[in-house]
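Trainee: have a look; sequence and predicted model below, questions after that.
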Amino acid sequence: MPTGTPPTPPRTDTTRAQPARVYDWLLGGKDNYPVDEAVGRRLPPQAKDAARQNRAFMHRATAWLADQGVDQFLDIGTGIPTEPNLHQIAQRVVPAARIVYVDNAPIVLRHAEALLVSSPEGTTEYVQADVRDPGGILRAARPRRPRLLTSRRLSLIALLHFLPDDQDPQGIVRELVDALPPGSALVLSHAASDLHSDLARQVTEEYARAGIRLGFRTRDEVARFFDGLDLVDPGLVTAPEWFRTEPAPAEEDSGIHAGVARVPSGGTA
């Protein structure tokens, strides 16, 4: 069941492209505007494959963790709801699962009512906040959402490549992970700069033309987000290569690094 009413969303700016709306267009959604479509059409065709692969990775990782008994999920950088969404995947396995969605995009806030739909046994909540203020996300939990701080699964799906190095993505992830109890999981996907460098450069340039800064990273740089954590097999791989149960996804080329890791029993390093 929903446990809160989202605030009134601010006016949507349809003159500038917005990452969540471009991603929606890449996935074939309808919640975008001509300015977002224009960016999407200038991207290489592989961008649509990457969006689909990223979404499929999220589905597999969520379902597997729910099957392992994880019943609390914190999803930062939620994006526009696309069915099935994270809460639908998790609550199919664990009907009583609790999900907290976090995003700062006005259009996501506009769709928050859809995000708040839950199974009768479970709950979903929506927090309007920015990942660049991890302390604000955590403070939002203390007065009204105390269970957020005991979240067992932190999801950062296709988010961190929108944070260039000067925004300290490493420090942001560390602060969020340090708030998780032992045994929790970090689920992360990230656009690669080293798998298809020419395509990565083209994507970065097209987003920059729209005023959106990107920070694609190498596998070694993405691996640093998992420092102090225990990577789950198969480790840090491309999005289509990450799976834990059969049937295995189809083999295909990818420009997305993806992995799942556990907070060790002794806490993070």
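Mentor: Structure received. Numbering: from 1, shown residues only.
Trainee: isn't Gly235 up against Ala258?
Mentor: No - in this structure, Gly235 is not within contact of Ala258 by CB atoms under 8 Å, at 9.9 Å. The C-beta positions use only the backbone N, C-alpha and C, and glycine is treated the same way.
Trainee: neighbour count winner among those two?
Mentor: Neighbours were counted for Gly235 and for Ala258 using other CB atoms under 10 Å; Ala258 has more, 29 against 14.
Trainee: and the closest residue to Gln167 other than its chain neighbours, what pLDDT?
Mentor: What sits nearest to Gln167 in space, not counting adjacent residues and going by CB to CB, 6 or more residues apart in numbering, is Arg132, at 5.9 Å. Per-residue confidence at Arg132 stands at 97 (pLDDT).
Trainee: then Asn104?
Mentor: The predicted local confidence for Asn104 is 92.
Trainee: what is the burial count for Glu251?
Mentor: Glu251: 9 neighbours (other CB under 10 Å).
Trainee: wait, a strand at it?
Mentor: No - using DSSP: H, G, I helix; E, B strand; the rest coil, the assignment for Glu251 is coil, not a strand.
Trainee: the closest residue to it other than its chain neighbours: neighbouring residues, count only.
Mentor: Counting by CB to CB, 6+ apart, Glu251 lies nearest to Pro240, which is 6.7 Å off, once chain neighbours are set aside. Counted by other CB under 10 Å, the residues lying close to Pro240 total 22.
Trainee: contacts only, for Pro240.
Mentor: Gln53, Ala56, Phe57, Pro249, Ala250, Glu251, Glu252, Ser254 (CB atoms under 8 Å, 6 or more residues apart in numbering).
Trainee: follow-up on the earlier one: quick one: secondary structure of the residue nearest to Gln167?
Mentor: coil.
Trainee: do I have it right that it meets Pro164?
Mentor: No - contact criterion CB under 8 Å: Arg132 and Pro164 do not qualify, at 11.0 Å.
Trainee: convert the C-alpha atoms of the longest helix along the chain to PDB, please.
Mentor: Taking DSSP state H as the criterion, the chain has its longest helix at helix 46-67. Taking Å, rounded to 0.1, in the frame of the first residue of the first chain, the C-alpha atoms of helix 46-67 are listed here in PDB:
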ATOM      1  CA  GLN A  46      23.300   0.900 -29.700                       C
ATOM      2  CA  ALA A  47      21.900   3.400 -27.100                       C
ATOM      3  CA  LYS A  48      18.500   1.700 -27.300                       C
ATOM      4  CA  ASP A  49      20.200  -1.700 -26.800                       C
ATOM      5  CA  ALA A  50      22.000  -0.400 -23.700                       C
ATOM      6  CA  ALA A  51      18.800   1.000 -22.200                       C
ATOM      7  CA  ARG A  52      17.100  -2.400 -22.700                       C
ATOM      8  CA  GLN A  53      20.000  -4.400 -21.300                       C
ATOM      9  CA  ASN A  54      20.200  -2.100 -18.300                       C
ATOM     10  CA  ARG A  55      16.500  -2.600 -17.600                       C
ATOM     11  CA  ALA A  56      16.800  -6.300 -17.900                       C
ATOM     12  CA  PHE A  57      19.800  -6.400 -15.500                       C
ATOM     13  CA  MET A  58      17.700  -4.500 -12.900                       C
ATOM     14  CA  HIS A  59      14.900  -7.100 -13.300                       C
ATOM     15  CA  ARG A  60      17.200 -10.100 -12.900                       C
ATOM     16  CA  ALA A  61      19.100  -8.600  -9.900                       C
ATOM     17  CA  THR A  62      15.900  -7.500  -8.100                       C
ATOM     18  CA  ALA A  63      14.200 -10.900  -8.600                       C
ATOM     19  CA  TRP A  64      17.300 -12.800  -7.500                       C
ATOM     20  CA  LEU A  65      17.800 -10.700  -4.300                       C
ATOM     21  CA  ALA A  66      14.100 -11.000  -3.500                       C
ATOM     22  CA  ASP A  67      14.400 -14.800  -3.900                       C
END
